[in-house]
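Participant: predicted model, plus sequence, below.
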Amino acid sequence: MDEKKTGTLQFRGGMFGAAIPFLVLFVGIILLALTGRAFPMAFWVPSLAAILAALLLAKKPTQCAEQLVKGMASEMVAIMMMAWFLAGIVAQILKVAGLVNGLIWLCVNANVSPRLFTLLVFILGCTMSTATGTALGTVIALSPIIYPVGAAIGCNGAVLCGAIVSAAYFGDNIAPVSDTTIASAYTQGIDVAAVVRSRLKYALIAAAFAAVLFFITGSGGQVKPYDPAVFGELQPNGLIMLIVPALLIFFMFRGMHLIIALMSSGVLALILALITGLLTPDQILIVNLSNFTVGGVLVDGIMGLVDIAIFAFMLMGLINLLEKSGFFQWLINSLSSMTKTPRSAEITINIINIILNMLTVANTIVIVMLGPLARKTLVQRHHITRDRSANILDATAGAAMCLIPYGFAPMLAFMFAAGSGAAVDFSVVKICLFSYHGWTLMAVMFFASITGWGRTFIPNDKYEAEMLKEEDAQ
(Lines give C-alpha, C1' and ligand atoms only; values in the text may rest on other atoms or scores of the structure.)
Protein backbone atom coordinates (compact mmCIF):
# COMPACT_ATOMS: atom_id res chain seq x y z
CA MET A 1 0.00 0.00 0.00
CA ASP A 2 0.97 3.60 -0.53
CA GLU A 3 2.21 5.04 2.77
CA LYS A 4 0.46 8.34 2.04
CA LYS A 5 -2.88 6.52 1.90
CA THR A 6 -2.37 4.41 4.99
CA GLY A 7 -0.70 7.00 7.20
CA THR A 8 2.83 7.47 8.47
CA LEU A 9 2.70 4.39 10.70
CA GLN A 10 1.98 0.96 9.25
CA PHE A 11 0.91 -2.28 10.93
CA ARG A 12 0.87 -5.89 9.83
CA GLY A 13 -2.65 -6.64 8.66
CA GLY A 14 -3.27 -3.07 7.50
CA MET A 15 -6.05 -1.17 9.21
CA PHE A 16 -7.24 -4.28 11.04
CA GLY A 17 -3.76 -4.64 12.51
CA ALA A 18 -3.83 -0.98 13.55
CA ALA A 19 -7.12 -1.56 15.38
CA ILE A 20 -6.01 -4.71 17.23
CA PRO A 21 -4.17 -2.90 20.08
CA PHE A 22 -7.26 -0.84 20.86
CA LEU A 23 -9.40 -3.99 20.63
CA VAL A 24 -7.10 -5.60 23.20
CA LEU A 25 -7.64 -2.60 25.48
CA PHE A 26 -11.39 -2.57 24.91
CA VAL A 27 -11.82 -6.31 25.50
CA GLY A 28 -9.71 -6.09 28.65
CA ILE A 29 -11.85 -3.30 30.06
CA ILE A 30 -15.06 -5.17 29.17
CA LEU A 31 -13.79 -8.30 30.95
CA LEU A 32 -12.96 -6.23 34.01
CA ALA A 33 -16.44 -4.70 33.88
CA LEU A 34 -18.15 -8.09 33.62
CA THR A 35 -16.29 -9.33 36.67
CA GLY A 36 -17.00 -6.17 38.69
CA ARG A 37 -13.37 -4.99 38.61
CA ALA A 38 -13.65 -1.96 36.32
CA PHE A 39 -11.46 0.42 38.32
CA PRO A 40 -8.97 2.93 36.81
CA MET A 41 -5.92 1.21 38.32
CA ALA A 42 -7.07 -2.13 36.91
CA PHE A 43 -7.17 -0.51 33.45
CA TRP A 44 -3.38 -0.30 33.55
CA VAL A 45 -3.07 -4.01 32.72
CA PRO A 46 -5.07 -4.05 29.43
CA SER A 47 -3.37 -0.76 28.53
CA LEU A 48 0.06 -2.36 28.83
CA ALA A 49 -1.18 -5.39 26.89
CA ALA A 50 -2.43 -3.07 24.13
CA ILE A 51 0.94 -1.29 23.96
CA LEU A 52 2.72 -4.66 23.67
CA ALA A 53 0.35 -5.71 20.87
CA ALA A 54 1.05 -2.45 19.03
CA LEU A 55 4.82 -2.92 19.22
CA LEU A 56 4.53 -6.54 18.02
CA LEU A 57 2.25 -5.66 15.09
CA ALA A 58 4.04 -2.52 13.94
CA LYS A 59 6.16 -2.93 10.82
CA LYS A 60 8.63 -0.51 12.37
CA PRO A 61 8.52 -1.01 16.18
CA THR A 62 10.91 1.89 16.82
CA GLN A 63 8.66 4.26 14.90
CA CYS A 64 5.66 2.87 16.79
CA ALA A 65 7.38 3.50 20.12
CA GLU A 66 8.20 7.06 19.08
CA GLN A 67 4.57 7.75 18.16
CA LEU A 68 3.43 6.26 21.47
CA VAL A 69 5.68 8.65 23.34
CA LYS A 70 4.50 11.61 21.23
CA GLY A 71 0.90 10.82 22.09
CA MET A 72 1.77 10.53 25.77
CA ALA A 73 3.71 13.80 25.68
CA SER A 74 0.98 15.83 23.97
CA GLU A 75 -0.11 19.18 25.33
CA MET A 76 -3.58 17.75 26.04
CA VAL A 77 -2.13 15.09 28.35
CA ALA A 78 -0.02 17.63 30.22
CA ILE A 79 -2.98 19.97 30.75
CA MET A 80 -5.26 17.15 31.89
CA MET A 81 -2.78 15.76 34.40
CA MET A 82 -1.86 19.14 35.86
CA ALA A 83 -5.54 20.10 36.16
CA TRP A 84 -6.40 16.77 37.82
CA PHE A 85 -3.56 17.00 40.33
CA LEU A 86 -4.47 20.57 41.27
CA ALA A 87 -8.13 19.54 41.57
CA GLY A 88 -7.09 16.70 43.85
CA ILE A 89 -5.22 19.14 46.09
CA VAL A 90 -8.20 21.51 46.30
CA ALA A 91 -10.54 18.61 47.07
CA GLN A 92 -8.24 17.28 49.80
CA ILE A 93 -7.93 20.70 51.46
CA LEU A 94 -11.71 21.15 51.47
CA LYS A 95 -12.19 17.66 52.90
CA VAL A 96 -9.66 18.10 55.70
CA ALA A 97 -10.95 21.62 56.44
CA GLY A 98 -14.42 20.22 57.11
CA LEU A 99 -16.50 21.47 54.17
CA VAL A 100 -18.00 18.02 53.59
CA ASN A 101 -18.75 17.75 57.30
CA GLY A 102 -20.49 21.13 57.22
CA LEU A 103 -22.58 20.27 54.17
CA ILE A 104 -23.67 16.99 55.72
CA TRP A 105 -24.67 18.91 58.85
CA LEU A 106 -26.69 21.29 56.67
CA CYS A 107 -28.47 18.51 54.74
CA VAL A 108 -29.27 16.55 57.89
CA ASN A 109 -30.72 19.60 59.63
CA ALA A 110 -32.67 20.60 56.51
CA ASN A 111 -33.99 17.01 56.22
CA VAL A 112 -33.08 16.77 52.51
CA SER A 113 -34.16 13.39 51.10
CA PRO A 114 -31.73 11.33 48.97
CA ARG A 115 -34.05 11.57 45.94
CA LEU A 116 -34.37 15.32 46.17
CA PHE A 117 -30.64 15.70 46.77
CA THR A 118 -29.79 13.71 43.63
CA LEU A 119 -32.24 15.74 41.55
CA LEU A 120 -30.89 19.02 42.94
CA VAL A 121 -27.32 17.92 42.14
CA PHE A 122 -28.33 17.24 38.54
CA ILE A 123 -30.00 20.66 38.23
CA LEU A 124 -27.06 22.41 39.92
CA GLY A 125 -24.59 20.61 37.67
CA CYS A 126 -26.57 21.51 34.53
CA THR A 127 -26.61 25.15 35.59
CA MET A 128 -22.91 25.17 36.33
CA SER A 129 -21.83 23.41 33.13
CA THR A 130 -24.06 25.68 31.04
CA ALA A 131 -22.57 28.75 32.69
CA THR A 132 -18.96 27.61 32.38
CA GLY A 133 -19.06 25.44 29.26
CA THR A 134 -16.69 22.88 30.72
CA ALA A 135 -17.68 19.27 31.37
CA LEU A 136 -14.56 18.08 33.18
CA GLY A 137 -14.43 21.32 35.15
CA THR A 138 -17.95 20.63 36.42
CA VAL A 139 -17.03 17.09 37.47
CA ILE A 140 -13.87 18.37 39.17
CA ALA A 141 -15.74 21.09 41.05
CA LEU A 142 -18.70 19.00 42.22
CA SER A 143 -17.62 15.37 42.71
CA PRO A 144 -15.28 15.65 45.72
CA ILE A 145 -17.79 17.73 47.68
CA ILE A 146 -21.12 16.30 46.55
CA TYR A 147 -20.45 12.56 46.70
CA PRO A 148 -19.63 12.16 50.42
CA VAL A 149 -22.56 14.40 51.35
CA GLY A 150 -24.95 12.32 49.25
CA ALA A 151 -23.51 9.09 50.57
CA ALA A 152 -24.04 10.27 54.14
CA ILE A 153 -27.75 10.98 53.65
CA GLY A 154 -28.46 7.69 51.84
CA CYS A 155 -28.17 8.48 48.13
CA ASN A 156 -27.39 5.74 45.65
CA GLY A 157 -23.71 6.50 45.03
CA ALA A 158 -23.54 5.34 41.42
CA VAL A 159 -26.70 7.29 40.52
CA LEU A 160 -25.33 10.39 42.24
CA CYS A 161 -22.09 10.19 40.26
CA GLY A 162 -24.15 9.57 37.12
CA ALA A 163 -26.08 12.76 37.85
CA ILE A 164 -22.85 14.76 38.04
CA VAL A 165 -21.46 13.28 34.80
CA SER A 166 -24.79 13.75 33.02
CA ALA A 167 -25.07 17.36 34.16
CA ALA A 168 -21.52 18.05 33.02
CA TYR A 169 -22.31 17.09 29.43
CA PHE A 170 -25.70 18.81 29.42
CA GLY A 171 -23.94 22.17 29.59
CA ASP A 172 -21.09 21.03 27.38
CA ASN A 173 -23.73 20.47 24.69
CA ILE A 174 -25.71 23.72 24.93
CA ALA A 175 -23.37 26.32 26.46
CA PRO A 176 -22.44 29.06 23.96
CA VAL A 177 -18.93 29.17 25.44
CA SER A 178 -18.38 25.40 25.23
CA ASP A 179 -15.60 24.28 22.89
CA THR A 180 -17.89 21.59 21.46
CA THR A 181 -20.65 24.12 20.73
CA ILE A 182 -18.19 26.39 18.97
CA ALA A 183 -16.57 23.52 17.05
CA SER A 184 -19.89 22.04 15.90
CA ALA A 185 -21.14 25.46 14.76
CA TYR A 186 -18.08 26.56 12.85
CA THR A 187 -17.41 23.21 11.17
CA GLN A 188 -20.93 23.46 9.73
CA GLY A 189 -20.65 27.14 8.84
CA ILE A 190 -23.32 28.56 11.14
CA ASP A 191 -23.48 31.12 13.94
CA VAL A 192 -23.12 29.81 17.52
CA ALA A 193 -26.25 31.58 18.76
CA ALA A 194 -28.40 29.99 16.05
CA VAL A 195 -27.06 26.55 16.92
CA VAL A 196 -27.77 26.96 20.64
CA ARG A 197 -31.37 28.04 20.01
CA SER A 198 -32.05 25.11 17.71
CA ARG A 199 -30.63 22.40 20.00
CA LEU A 200 -32.50 23.33 23.16
CA LYS A 201 -35.48 21.14 22.25
CA TYR A 202 -33.30 18.02 22.05
CA ALA A 203 -31.33 18.77 25.23
CA LEU A 204 -34.28 19.85 27.39
CA ILE A 205 -36.48 16.87 26.48
CA ALA A 206 -33.63 14.48 27.26
CA ALA A 207 -32.86 16.33 30.51
CA ALA A 208 -36.50 16.19 31.61
CA PHE A 209 -36.61 12.40 31.25
CA ALA A 210 -33.25 12.12 32.99
CA ALA A 211 -34.40 14.31 35.89
CA VAL A 212 -37.36 12.02 36.52
CA LEU A 213 -35.09 8.97 36.51
CA PHE A 214 -32.61 10.61 38.90
CA PHE A 215 -35.43 11.43 41.31
CA ILE A 216 -36.90 7.91 41.16
CA THR A 217 -33.60 6.05 41.64
CA GLY A 218 -31.68 8.59 43.73
CA SER A 219 -32.10 6.72 47.01
CA GLY A 220 -31.80 3.13 48.15
CA GLY A 221 -28.06 2.75 47.72
CA GLN A 222 -26.03 0.36 49.83
CA VAL A 223 -23.49 3.03 50.72
CA LYS A 224 -22.77 3.10 54.46
CA PRO A 225 -24.16 6.02 56.46
CA TYR A 226 -22.12 8.89 57.80
CA ASP A 227 -19.06 7.77 59.76
CA PRO A 228 -17.83 10.26 62.40
CA ALA A 229 -14.49 8.44 62.43
CA VAL A 230 -13.86 9.63 58.85
CA PHE A 231 -15.22 13.19 58.84
CA GLY A 232 -15.56 14.00 62.56
CA GLU A 233 -18.63 15.08 64.48
CA LEU A 234 -21.18 17.05 62.48
CA GLN A 235 -20.72 20.80 62.81
CA PRO A 236 -21.17 23.84 60.54
CA ASN A 237 -17.66 25.32 60.95
CA GLY A 238 -16.38 24.10 57.59
CA LEU A 239 -19.17 25.80 55.62
CA ILE A 240 -16.99 28.89 55.31
CA MET A 241 -14.90 26.87 52.83
CA LEU A 242 -17.82 27.13 50.36
CA ILE A 243 -16.08 30.33 49.30
CA VAL A 244 -13.49 28.21 47.49
CA PRO A 245 -15.72 26.20 45.09
CA ALA A 246 -17.83 29.33 44.57
CA LEU A 247 -14.70 31.20 43.51
CA LEU A 248 -13.63 28.31 41.27
CA ILE A 249 -17.00 28.38 39.50
CA PHE A 250 -16.73 32.17 39.13
CA PHE A 251 -13.25 31.85 37.60
CA MET A 252 -14.48 29.25 35.10
CA PHE A 253 -17.54 31.37 34.29
CA ARG A 254 -15.21 34.25 33.44
CA GLY A 255 -13.29 32.01 31.05
CA MET A 256 -10.11 31.70 33.10
CA HIS A 257 -7.80 28.85 32.13
CA LEU A 258 -8.68 25.79 34.22
CA ILE A 259 -5.14 25.37 35.58
CA ILE A 260 -4.96 29.03 36.65
CA ALA A 261 -8.43 28.78 38.21
CA LEU A 262 -7.52 25.62 40.13
CA MET A 263 -4.16 26.98 41.29
CA SER A 264 -5.79 30.22 42.49
CA SER A 265 -8.56 28.30 44.26
CA GLY A 266 -6.03 25.97 45.89
CA VAL A 267 -3.98 28.86 47.25
CA LEU A 268 -7.11 30.55 48.59
CA ALA A 269 -8.32 27.28 50.16
CA LEU A 270 -4.98 26.79 51.90
CA ILE A 271 -4.85 30.37 53.24
CA LEU A 272 -8.50 30.38 54.33
CA ALA A 273 -8.20 27.01 56.08
CA LEU A 274 -5.06 28.13 57.94
CA ILE A 275 -6.50 31.50 58.98
CA THR A 276 -9.71 29.94 60.31
CA GLY A 277 -7.83 27.19 62.12
CA LEU A 278 -9.56 24.45 60.12
CA LEU A 279 -6.14 23.33 58.94
CA THR A 280 -2.81 23.40 60.80
CA PRO A 281 0.59 24.03 59.15
CA ASP A 282 1.82 20.54 60.03
CA GLN A 283 -1.01 19.01 57.95
CA ILE A 284 0.30 20.56 54.73
CA LEU A 285 3.33 18.29 54.43
CA ILE A 286 4.11 15.23 56.54
CA VAL A 287 7.48 13.54 56.08
CA ASN A 288 7.90 10.36 58.13
CA LEU A 289 11.61 9.52 58.27
CA SER A 290 11.06 6.31 60.23
CA ASN A 291 9.28 4.53 57.38
CA PHE A 292 10.23 6.86 54.50
CA THR A 293 6.71 8.00 53.63
CA VAL A 294 5.41 11.41 52.64
CA GLY A 295 1.86 12.68 53.16
CA GLY A 296 -0.17 15.77 53.94
CA VAL A 297 -3.00 17.50 52.09
CA LEU A 298 -0.86 18.42 49.07
CA VAL A 299 0.69 15.01 48.55
CA ASP A 300 -2.50 13.09 49.36
CA GLY A 301 -4.46 15.25 46.94
CA ILE A 302 -2.11 14.42 44.09
CA MET A 303 -1.85 10.72 44.95
CA GLY A 304 -5.63 10.37 44.83
CA LEU A 305 -5.60 11.08 41.08
CA VAL A 306 -2.52 9.04 40.08
CA ASP A 307 -4.61 6.03 38.97
CA ILE A 308 -6.50 7.90 36.28
CA ALA A 309 -3.45 9.95 35.28
CA ILE A 310 -1.36 6.87 34.47
CA PHE A 311 -4.22 5.29 32.52
CA ALA A 312 -4.75 8.53 30.57
CA PHE A 313 -1.01 8.66 29.85
CA MET A 314 -1.05 5.23 28.19
CA LEU A 315 -4.46 5.69 26.53
CA MET A 316 -3.44 8.90 24.75
CA GLY A 317 -0.35 7.14 23.40
CA LEU A 318 -2.54 4.38 21.92
CA ILE A 319 -4.94 6.93 20.43
CA ASN A 320 -2.03 8.64 18.67
CA LEU A 321 -1.18 5.32 17.00
CA LEU A 322 -4.69 5.15 15.52
CA GLU A 323 -4.32 8.67 14.20
CA LYS A 324 -0.84 8.23 12.72
CA SER A 325 -1.80 4.95 11.05
CA GLY A 326 -4.61 6.71 9.18
CA PHE A 327 -7.24 4.54 10.88
CA PHE A 328 -9.61 7.40 11.70
CA GLN A 329 -9.72 8.65 8.11
CA TRP A 330 -10.08 5.09 6.80
CA LEU A 331 -13.04 4.53 9.12
CA ILE A 332 -14.74 7.75 8.02
CA ASN A 333 -14.23 6.95 4.34
CA SER A 334 -15.43 3.36 4.74
CA LEU A 335 -18.75 4.29 6.36
CA SER A 336 -19.46 7.46 4.40
CA SER A 337 -20.90 5.48 1.48
CA MET A 338 -23.94 4.56 3.63
CA THR A 339 -25.55 7.97 3.18
CA LYS A 340 -27.98 7.69 0.26
CA THR A 341 -31.00 9.23 2.03
CA PRO A 342 -31.28 11.98 4.68
CA ARG A 343 -32.27 9.35 7.24
CA SER A 344 -29.41 6.97 6.47
CA ALA A 345 -26.98 9.90 6.30
CA GLU A 346 -27.91 11.13 9.78
CA ILE A 347 -27.86 7.62 11.27
CA THR A 348 -24.43 6.98 9.70
CA ILE A 349 -23.00 10.24 11.08
CA ASN A 350 -24.36 9.29 14.51
CA ILE A 351 -22.73 5.85 14.35
CA ILE A 352 -19.36 7.19 13.19
CA ASN A 353 -19.59 9.81 15.91
CA ILE A 354 -20.07 7.18 18.62
CA ILE A 355 -17.26 4.97 17.31
CA LEU A 356 -14.79 7.87 17.09
CA ASN A 357 -15.65 8.98 20.62
CA MET A 358 -15.05 5.44 21.87
CA LEU A 359 -11.65 5.49 20.18
CA THR A 360 -10.56 8.99 21.22
CA VAL A 361 -12.56 9.83 24.40
CA ALA A 362 -12.35 13.44 23.22
CA ASN A 363 -15.64 14.79 21.86
CA THR A 364 -14.25 18.14 20.69
CA ILE A 365 -11.58 16.42 18.60
CA VAL A 366 -14.19 14.08 17.13
CA ILE A 367 -16.43 17.02 16.16
CA VAL A 368 -13.52 18.73 14.40
CA MET A 369 -12.50 15.47 12.74
CA LEU A 370 -16.01 14.47 11.64
CA GLY A 371 -17.27 17.99 10.93
CA PRO A 372 -16.18 18.19 7.26
CA LEU A 373 -17.83 14.83 6.44
CA ALA A 374 -21.05 15.84 8.21
CA ARG A 375 -21.10 19.12 6.29
CA LYS A 376 -20.43 17.42 2.97
CA THR A 377 -22.94 14.63 3.56
CA LEU A 378 -25.78 16.31 5.40
CA VAL A 379 -25.60 19.94 4.25
CA GLN A 380 -24.17 19.75 0.75
CA ARG A 381 -25.54 16.40 -0.41
CA HIS A 382 -28.97 16.35 1.23
CA HIS A 383 -29.43 20.10 1.91
CA ILE A 384 -30.16 19.45 5.60
CA THR A 385 -29.91 22.70 7.57
CA ARG A 386 -26.58 23.50 9.16
CA ASP A 387 -27.96 23.78 12.68
CA ARG A 388 -29.37 20.26 12.45
CA SER A 389 -26.02 18.92 11.29
CA ALA A 390 -24.21 20.74 14.10
CA ASN A 391 -26.69 19.42 16.66
CA ILE A 392 -26.19 15.81 15.56
CA LEU A 393 -22.43 16.22 15.90
CA ASP A 394 -22.48 17.81 19.35
CA ALA A 395 -25.37 16.03 21.08
CA THR A 396 -24.35 12.51 20.04
CA ALA A 397 -20.72 13.15 20.97
CA GLY A 398 -21.67 14.53 24.39
CA ALA A 399 -24.05 11.65 25.06
CA ALA A 400 -21.37 9.12 24.14
CA MET A 401 -18.90 10.68 26.57
CA CYS A 402 -21.28 9.94 29.46
CA LEU A 403 -21.44 6.26 28.57
CA ILE A 404 -17.81 5.23 27.98
CA PRO A 405 -16.40 3.50 31.12
CA TYR A 406 -12.86 4.64 30.34
CA GLY A 407 -14.01 8.18 29.58
CA PHE A 408 -12.37 10.81 31.74
CA ALA A 409 -15.56 12.26 33.27
CA PRO A 410 -16.89 8.95 34.69
CA MET A 411 -13.41 7.99 35.89
CA LEU A 412 -12.85 11.37 37.55
CA ALA A 413 -16.20 11.11 39.31
CA PHE A 414 -15.24 7.65 40.55
CA MET A 415 -11.75 8.71 41.68
CA PHE A 416 -13.08 11.68 43.65
CA ALA A 417 -15.76 9.47 45.21
CA ALA A 418 -13.18 6.84 46.17
CA GLY A 419 -10.87 9.47 47.64
CA SER A 420 -13.57 11.28 49.60
CA GLY A 421 -13.50 8.95 52.59
CA ALA A 422 -17.09 7.83 52.03
CA ALA A 423 -17.82 4.21 51.20
CA VAL A 424 -17.91 3.22 47.50
CA ASP A 425 -19.58 -0.02 46.43
CA PHE A 426 -19.71 0.44 42.64
CA SER A 427 -17.39 0.61 39.65
CA VAL A 428 -16.98 3.11 36.82
CA VAL A 429 -19.30 1.00 34.67
CA LYS A 430 -22.21 1.58 37.04
CA ILE A 431 -21.67 5.33 36.83
CA CYS A 432 -22.07 5.06 33.06
CA LEU A 433 -25.17 2.89 33.40
CA PHE A 434 -26.77 5.56 35.60
CA SER A 435 -25.69 8.56 33.51
CA TYR A 436 -29.29 8.94 32.44
CA HIS A 437 -28.93 12.12 30.42
CA GLY A 438 -26.37 10.40 28.21
CA TRP A 439 -28.84 7.59 27.47
CA THR A 440 -31.85 9.89 27.00
CA LEU A 441 -29.98 12.36 24.79
CA MET A 442 -28.65 9.49 22.66
CA ALA A 443 -32.20 8.11 22.36
CA VAL A 444 -33.58 11.52 21.41
CA MET A 445 -30.98 12.01 18.66
CA PHE A 446 -31.54 8.56 17.15
CA PHE A 447 -35.30 9.05 17.37
CA ALA A 448 -34.89 12.36 15.55
CA SER A 449 -32.72 10.78 12.86
CA ILE A 450 -35.02 7.77 12.30
CA THR A 451 -38.34 9.63 12.34
CA GLY A 452 -37.16 12.93 10.87
CA TRP A 453 -38.39 14.91 13.89
CA GLY A 454 -36.76 18.34 13.83
CA ARG A 455 -35.17 17.75 10.41
CA THR A 456 -35.37 20.80 8.17
CA PHE A 457 -33.96 21.47 4.73
CA ILE A 458 -32.34 24.47 3.07
CA PRO A 459 -34.51 25.83 0.20
CA ASN A 460 -32.82 25.42 -3.18
CA ASP A 461 -32.52 29.14 -3.88
CA LYS A 462 -31.07 29.83 -0.44
CA TYR A 463 -28.71 26.85 -0.74
CA GLU A 464 -27.32 28.09 -4.07
CA ALA A 465 -26.78 31.54 -2.58
CA GLU A 466 -24.91 30.03 0.41
CA MET A 467 -22.68 27.98 -1.86
CA LEU A 468 -21.81 31.02 -3.95
CA LYS A 469 -21.01 32.96 -0.81
CA GLU A 470 -18.72 30.17 0.41
CA GLU A 471 -16.91 30.02 -2.94
CA ASP A 472 -16.35 33.79 -2.84
CA ALA A 473 -15.01 33.55 0.71
CA GLN A 474 -12.51 30.88 -0.36
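Facilitator: Okay, I see it.
Participant: so where's the stretch 201-350 of the chain shaky on pLDDT?
Facilitator: Applying pLDDT under 70 to the stretch 201-350 of the chain flags the ranges 221-233.
Participant: which residue packs closest to residue 94, ignoring adjacent ones?
Facilitator: Distances taken as C-beta to C-beta, 6 or more residues apart in numbering put residue 241 closest to residue 94, at 5.4 Å, once the chain neighbours are dropped. C-beta here means a position set from N, CA and C on the backbone, and glycine is covered the same way.
Participant: now do the contacts for that neighbour.
Facilitator: 94, 97-99, 102, 269, 272-273, 278 (C-beta atoms under 8 Å, 6 or more residues apart in numbering).
Participant: which among those gets closest to residue 124?
Facilitator: Checking these against residue 124 by C-beta to C-beta gives residue 99 as the nearest, at 15.6 Å.
Participant: can you get me a residue count around the closest one?
Facilitator: 29 (other C-beta atoms under 10 Å).
Participant: checking the residue nearest to residue 94 next. Helix, strand or coil?
Facilitator: With DSSP: H, G, I helix; E, B strand; the rest coil as the basis, residue 241 sits in helix.
Participant: for the one 5 residues further on, same thing?
Facilitator: Secondary structure for residue 246, judged by three-state DSSP, is helix.
Participant: what residues does stretch 37-55 touch?
Facilitator: 11, 20-22, 24-25, 27-29, 31-32, 61, 64-65, 68, 307-308, 310-311, 314-315, 317-318, 321, 405-406, 411, 414-415, 427-429.
Participant: list the buried residues for it?
Facilitator: Across stretch 37-55, burial judged by 16 or more other C-beta atoms under 10 Å covers 38-40, 42-43, 46-47, 50-51, 53-54.
Participant: return the subset of those lying in strands.
Facilitator: Nothing among the buried residues of stretch 37-55 maps onto strands, per DSSP state E.
Participant: now for those residues: which two are most distant?
Facilitator: Maximum distance among the buried residues of stretch 37-55 (C-beta to C-beta): 23.4 Å, for 39 and 54.
Participant: same list (the contacts of residue 241) but as JSON lines, adding distance to residue 205 and secondary structure.
Facilitator: Output for these, formatted as JSON lines (distance: C-beta to C-beta, whole Å; DSSP: H, G, I helix; E, B strand; the rest coil):
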{"residue": "94", "distance to residue 205": "35", "secondary structure": "helix"}
{"residue": "97", "distance to residue 205": "41", "secondary structure": "coil"}
{"residue": "98", "distance to residue 205": "40", "secondary structure": "coil"}
{"residue": "99", "distance to residue 205": "35", "secondary structure": "helix"}
{"residue": "102", "distance to residue 205": "37", "secondary structure": "helix"}
{"residue": "269", "distance to residue 205": "39", "secondary structure": "helix"}
{"residue": "272", "distance to residue 205": "42", "secondary structure": "helix"}
{"residue": "273", "distance to residue 205": "43", "secondary structure": "helix"}
{"residue": "278", "distance to residue 205": "44", "secondary structure": "coil"}
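Participant: tell me which of those residues is nearest to residue 420?
Facilitator: Among the contacts of residue 241, and counting by C-beta to C-beta, the member closest to residue 420 is residue 94, at 10.1 Å.
Participant: before I go, just wanted to say thanks for your time.
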